[in-house]
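**Student:** coordinates for the following, if possible.
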Amino acid sequence: MLKSVLEKSRALPWTIGNRVFPCATPLVMGIVNVTPDSFFDGGTHATPDAAYEHAVGLLQQGADILDIGGESSRPGSTPVSEQEEMDRVCPVVESLAQLQNISEDLGNPGHREFLISVDTTKAKVAEQCMRLGAHIINDISACAMDPDMPSVVAKTGASVVLNHMRGNFGTMQADFKPYENVVQEVRQELLAQAKKLLNQGVKREKICLDPGIGFGKTVQDNIDLMKSLECFLDDGFPVLIGTSRKSYIGKMPGLEHSDRLIPTITAGIIATLGGVSCIRVHDVKETKESLLYLEALKSDGPV
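**Tutor:** Residues are numbered from 1 along each chain as shown. Reported below is the predicted structural model:
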């Protein structure tokens, strides 16, 4: 039974840039928050220089994608201006793009290819980051907050993550409309946004869906979504899951005092078995190790 589950990954490929990533083992997206109020690191990497060093560290731990964000979406967060967000994220994106180019030009044998994502809901921020060398636009509003975002995705050729969210930015955990059937409604709302991109000419294989764990949802909603990840594959889009260290974990019975690391790794394993193509995490090293263990179990030959 377990062997058949391990061998039959339903993960869908994701096209990023000009490459198709099979995602039989999920890509690992490392989180780089260039914010003074991150719920996880408390602003440790709030300057571009500190964020860049952190990003390089995540690469060394095995990150496939670096997700650079300049505006916190934690409960109670305060929105930042377009210019302030660009001042935070653009230098980091530019430096990482230069790092990639320098390594490739020198033929560095230790160089490992990586991808750059920008976590933003603002079209101008996304467009500028794509010009500087980003590959992915990760929009937690599923391209709904800024009406110009779908056209920016289309004209830049970006790959995109559509993250599901209900409620208002920063207060979503207090003001969202309750669900009657969370899996069905999240799917429908994500597909409606994906259709807008398809109508703009964005290729289906570049669109990745994220059910938005913790974004305007109860603990039970999040659990129901985690148990139903395979349902999202039926729509033909790759799926990303981002549950890293989120507060809903601490609301589960017995996990009230957890640092949420082990539950996060467990969630990543469940998501992998459910067929996700990408896992977004703070703890890259631990996530990579868990995925390598799963890979070893999948093998029919000698390890």
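**Student:** which one's the longest strand in this protein?
**Tutor:** strand 27-33 (DSSP state E).
**Student:** could you give the mean pLDDT of it?
**Tutor:** When pLDDT is averaged over strand 27-33, the result is 97.
**Student:** could you point out which element follows that strand?
**Tutor:** Downstream of strand 27-33, the next assigned helix or strand under DSSP states H and E is helix 48-61.
**Student:** show the average pLDDT along the following helix or strand past that following helix.
**Tutor:** The helix or strand immediately downstream of helix 48-61 is strand 65-69, counting by DSSP H and E. In this model, strand 65-69 has a mean pLDDT of 97.
**Student:** what about strand 65-69, distance to the chain center?
**Tutor:** For strand 65-69, the separation from the chain centroid amounts to 8 Å (computed by CA atoms, centre = their mean, to the nearest Å).
**Student:** again with stretch 230-242
**Tutor:** Distance, centroid of stretch 230-242 to centroid of chain: 13 Å (CA atoms, centre = their mean).
**Student:** what about it, average pLDDT?
**Tutor:** Rounded mean pLDDT across stretch 230-242 is 95.
**Student:** okay, it in CSV with CA atoms only?
**Tutor:** Taking C-alpha atoms only, stretch 230-242 is exported to CSV below (Å, rounded to 0.1, in the frame of the first residue of the first chain):
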residue,chain,number,x,y,z
GLU,A,230,-5.2,15.9,-4.8
CYS,A,231,-8.6,17.4,-5.7
PHE,A,232,-6.7,20.5,-7.0
LEU,A,233,-4.7,18.4,-9.5
ASP,A,234,-7.9,17.6,-11.4
ASP,A,235,-8.0,21.1,-12.8
GLY,A,236,-4.7,20.6,-14.7
PHE,A,237,-2.5,23.1,-12.8
PRO,A,238,0.5,22.4,-10.7
VAL,A,239,0.0,23.0,-7.0
LEU,A,240,2.1,24.8,-4.4
ILE,A,241,1.6,24.5,-0.6
GLY,A,242,2.7,27.0,2.0
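**Student:** which strands and helices sit next to the longest strand of the chain?
**Tutor:** helix 48-61, strand 65-69, strand 278-281, helix 284-298 (3 or more CB pairs under 8 Å, 6 or more residues apart in numbering; DSSP states H and E). Bear in mind the C-beta positions are built from the backbone N, C-alpha and C, glycine included.
**Student:** would you mind giving the ones you listed as JSON lines with distance to Leu240 added?
**Tutor:** Shown next, in JSON lines, are those (distance: least, CB to CB, whole Å):
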{"stretch": "helix 48-61", "distance to Leu240": "17"}
{"stretch": "strand 65-69", "distance to Leu240": "10"}
{"stretch": "strand 278-281", "distance to Leu240": "4"}
{"stretch": "helix 284-298", "distance to Leu240": "13"}
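**Student:** which of the ones you listed is buried the deepest?
**Tutor:** Most buried of these by mean neighbour count (mean count of other CB atoms under 10 Å) is strand 278-281; its value is a mean of 28.
**Student:** that older thread, wait, which of the helices and strands packed on strand 27-33 is closest to Ala142?
**Tutor:** Closest approach to Ala142 among the helices and strands packed on strand 27-33 is made by strand 278-281 (14.9 Å; CB to CB).
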